[in-house]
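> Here is my input, please return the structure:
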Amino acid sequence: MQKKRPRSPQHFAGLPPLVGTSPKILILGSCPSVISDARKQYYGNPQNHFWDLLRSHVYGIPRVNLVDHYAVLCQSLTDAGIALWDSLASCDRQGSSDGSIENTVLNDLTGFLAKYPSINTVAFNGASAAKYGLLHLNEGRKSTERWKVGDTLCFSRSGTKQRVRLVLLPSSSAAHAAMTREAKSAAWGTILRDAGVQN
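Residues are numbered from 1 along each chain as shown. Alright, predicted model coming up:
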C-alpha cells in the first residue's frame, strides 16, 4: 500500500486588523485558517464557534449569513468596541493546523496598542495566539521580566497611562473539544464583560 506523502506547507499572510475608533478589547487569533484566508474573512470557517460565542454576549451582532453579510458583522463588532487581529503577520503551515506553523513573522502588537490607547484587554483566542503574541511583547525583555497571560501591561504615553490586561480565551476552534460549548461561552462572557464590552 502506497503511503500518503505529507502535504507541503503553504504560505499564509494575515488579514489587516479590524478596528474602530475606540476599541476596548483586542481579540487575537494566530493566523487565518485555509477557509478564512480564501474568503479574506476573520473566522470564515462556519465550524468555528467565534461568531456564535460573540452573539451570546454582545448586543447588536445579527444572526446573518457570514459569507453574504460579513461587512455587517464587522461593523457590529467595531461598534461594540471589539478589535480583531492575529499574532502572526505571516507564516508557513500545513492546512489549518497551528501545530505545523513555521517561518513566522510577528505582528507589531506594541505599536498597535500605542495607536489605540483605549484598549484595556488583549484576549488571545487559544494557546497558539498567546504563544506568538507573547513572543512579540517579550522581545528584548529579560527572562525574569517577561510578560505572561494574567499580567497587566503598563505604558506611559504623552503623560497618560495605559493599562492592558493579557488574558487567554478558550479557542473558538471546533477542534478545541476539551471544553464544552457552554464552558467556552461562560469564559468568553466573563472576559468580554470585564473589558467593558456591551452585553
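
> ends of stretch 111-129, how far apart?
In stretch 111-129, first residue to last residue: 17 Å (CA to CA, to the nearest Å).

> Likewise for stretch 70-87?
First-to-last residue span, stretch 70-87, CA to CA: 22 Å.

> repeat for stretch 91-105
Termini of stretch 91-105 sit 6 Å apart (CA to CA).

> cool, and stretch 77-86?
16 Å.

> Start at 12, not 1
Yep, numbering from 12; the last one is stretch 88-97 now.

> What about the closest residue to Glu113 other than its chain neighbours, how many residues nearby?
Setting aside the residues directly before and after it, Glu113 is nearest to Asp103 in space (CB to CB, 6 or more residues apart in numbering), at 5.1 Å. Placement of C-beta: from N, CA and C, glycine included. Using other CB atoms under 10 Å, Asp103 has 15 neighbouring residues.

> May I have the beta-bridge partners of Asp103?
Beta-bridge partners for Asp103, by DSSP bridges, are His22, Glu113.

> what's near enough to touch it?
Pro20, Gln21, His22, Phe23, Ile112, Glu113, Asn114 (CB atoms under 8 Å, 6 or more residues apart in numbering).
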